[in-house]
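> Below is the sequence, then the predicted model.
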Amino acid sequence: MSAEGEIDIQAGRALFEDGQDFTVGLEEEFALLDPQHLGLVPRYPELASAALEDPLLAESVSGELISSEIEIRSGRGESLADAIRRQNEYRRALFRLAGEHGVALGATGTHPWSPYLEQPIIDTEHYHRVEDGLKWVAWRNNTFSLHVHMGVRGADRAVRVCDRLRPVLPVLLAISANSPFLDGRDSGLASVRSQTFTRSFPRCGVPDPFGDWRNYADYIDLLVRTRSIVEYTQVWWSVRPHLSFGTVEVRICDAQNTAEDSDALAALVVACMAQAVLEVDADEDQAGLMPSRLIEENLWRAIRYGLDGSLLDFSDPARPEAYPATEAAARLLQWSEPARRELGIDVPLPISSGTQQQRRLLAEAGSLEQAYARIVNDTRDSYAAAGTAEEVTG
């Protein structure tokens, strides 16, 4: 990026050409809550100002669209384990800071009941530009997610990795779905966050395959020349080469209830990204050319049913077959086994998704407020202590 914020596609390419494979960065978004009634509260400016006084949080805290949301970023980890170690420090610091300021934190893909019209946009030039350009689409998007970055050396290679991940994205969404509730009711969807964000924002969802950097750069240039975008972050696809970091970024996943679930999901995403690199290097990435109409069918199934439905297996393109979505994680683990073995990645995934956990808690608690209170407590107990056991024993 240039100093003026203009898109410098050549500088982005240079980052990839000089990049390093398999570095990892994590980004986690949290809801800011009143600790008594657990509704969203616009306290980001206060927490962001306080974070500047904290040596850890000053470099990791960031704002997102609304003032009722805060994000922490691990920065560049030399490996997945290093990124999680860094993120654990930031998690503990963030929960400590929030507690000192009388703010609770939530980590579900949507808030179950707080009205979107009551959530102000944060006061930055970037997000005012987003609001001016999108209006209702921006106002409605009160959502929280997990983003995973992985370093990929080589611009053409990075684009091909993004292409190869296209059919994997709906499977990751089904596994990570954690947003059944919105506007005080069960939406009937496994990931209403994805319907609100992925289906509404422009240049979002699963992109077409580009094949190489030149085709990708030509499209970005088209967007710039036609004033469709003025910042690269206005390209909101669920997988993208990130021009500022020289990473491939996967953005399809809902935020997770606990740090353990978030770490396991991040490990699965990194394993899939690394397996895509191996297939690109072996010139075995033809699955990335799958027609968008087929990927869209799986994306809808993931949004609607998550792990409670079925997904389509396209290993035989001439005759796709449905399989139970409960097999999704096992299938991804089997596919990514070579990369997991090479990088030493363990993926201890939970037996149920966040959406399944939320609905089970609602059935047990009897009210949405009580169910959400239990989730917020679990979130606090998990993220606020993240990594301490390993540090004590290690």
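Yep, it's here.

> quick one, strands of the protein?
Assigned by DSSP state E, the chain shows strands spanning 24-33, 61-62, 69-73, 104-106, 145-151, 181-182, 185-186, 204-205, 236-237, 239-242, 247-254, 310-313, 321-324.

> TSV for those, including mean neighbour count, mean pLDDT and distance to Q195?
Where C-beta positions appear, they are placed from N, C-alpha and C, glycine not excepted. Shown next, in TSV, are the strands of the chain (neighbours: other C-beta atoms under 10 Å; pLDDT from 0 to 100; distance: least, C-beta to C-beta, whole Å):
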stretch	mean neighbour count	mean pLDDT	distance to Q195
strand 24-33	24	98	17
strand 61-62	18	96	25
strand 69-73	23	98	18
strand 104-106	23	98	19
strand 145-151	25	98	13
strand 181-182	23	98	9
strand 185-186	13	96	13
strand 204-205	20	94	11
strand 236-237	19	96	14
strand 239-242	23	97	19
strand 247-254	25	98	12
strand 310-313	18	97	17
strand 321-324	11	96	21
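
> mind checking which of those strands is nearest I351?
I351 lies closest, by C-beta to C-beta, to one member of the strands of the chain: strand 321-324, at 13.9 Å.

> looking at the strands of the chain, which is closest to A339?
Per C-beta to C-beta, nearest to A339 of the strands of the chain: strand 145-151, 10.7 Å.

> can you give me the offset of the closest one from its chain's centre?
In terms of C-alpha atoms, centre = their mean, to the nearest Å, the centre of strand 145-151 is found 6 Å from the chain centre.

> Now do that strand: everything it contacts.
19-29, 76, 109, 176, 193, 197, 242, 245-251, 253-256, 262, 265-266, 269-270, 273-274 (C-beta atoms under 8 Å, 6 or more residues apart in numbering).

> before we move on, what about stretch 214-225?
For stretch 214-225, using C-beta under 8 Å, 6+ apart, the contacting residues are 7, 9, 13, 159, 203, 210, 228-230, 232, 234-235, 241.

> The same query, at a cut-off of 7 Å, please.
7, 9, 159, 210, 229, 241 (C-beta atoms under 7 Å, 6 or more residues apart in numbering).

> hang on, the earlier thing: now the strands of the chain as CSV including distance to I345?
Putting the strands of the chain into CSV (distance: least, C-beta to C-beta, whole Å) gives the following:
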stretch, distance to I345
strand 24-33, 10
strand 61-62, 26
strand 69-73, 21
strand 104-106, 27
strand 145-151, 11
strand 181-182, 32
strand 185-186, 34
strand 204-205, 27
strand 236-237, 24
strand 239-242, 19
strand 247-254, 15
strand 310-313, 23
strand 321-324, 24
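
> Distance-wise, check L368 relative to Q356.
16 Å (C-beta to C-beta, to the nearest Å).

> ok so, going back, closest one to P42 out of the contacts of stretch 214-225, please.
Of the contacts of stretch 214-225, the one sitting nearest to P42 (C-beta to C-beta) turns out to be I229, at 27.3 Å.

> Could you pull up phi and psi at the closest residue to V235 other than its chain neighbours?
Here the nearest residue to V235 in space, its sequence neighbours aside, is R203; by C-beta to C-beta, 6 or more residues apart in numbering that works out to 5.0 Å. When read as degrees, to the nearest 10, the backbone of R203 gives phi 50, psi 50.

> wait, R203 sits on S238?
No. Using C-beta atoms under 7 Å, R203 is not in contact with S238, being 10.6 Å away.

> Looking at those two, which has the bigger crowd around it?
Ranked by neighbour count (other C-beta atoms under 10 Å), R203 and S238 place S238 first, with 25 against 14.

> hey, which helix is longest across this structure?
Longest helix in the chain, counting residues (DSSP state H): helix 259-281.

> and the angle from it to strand 247-254?
130 degrees (axes from the mean of the first three to the mean of the last three C-alpha atoms, to 10 degrees).
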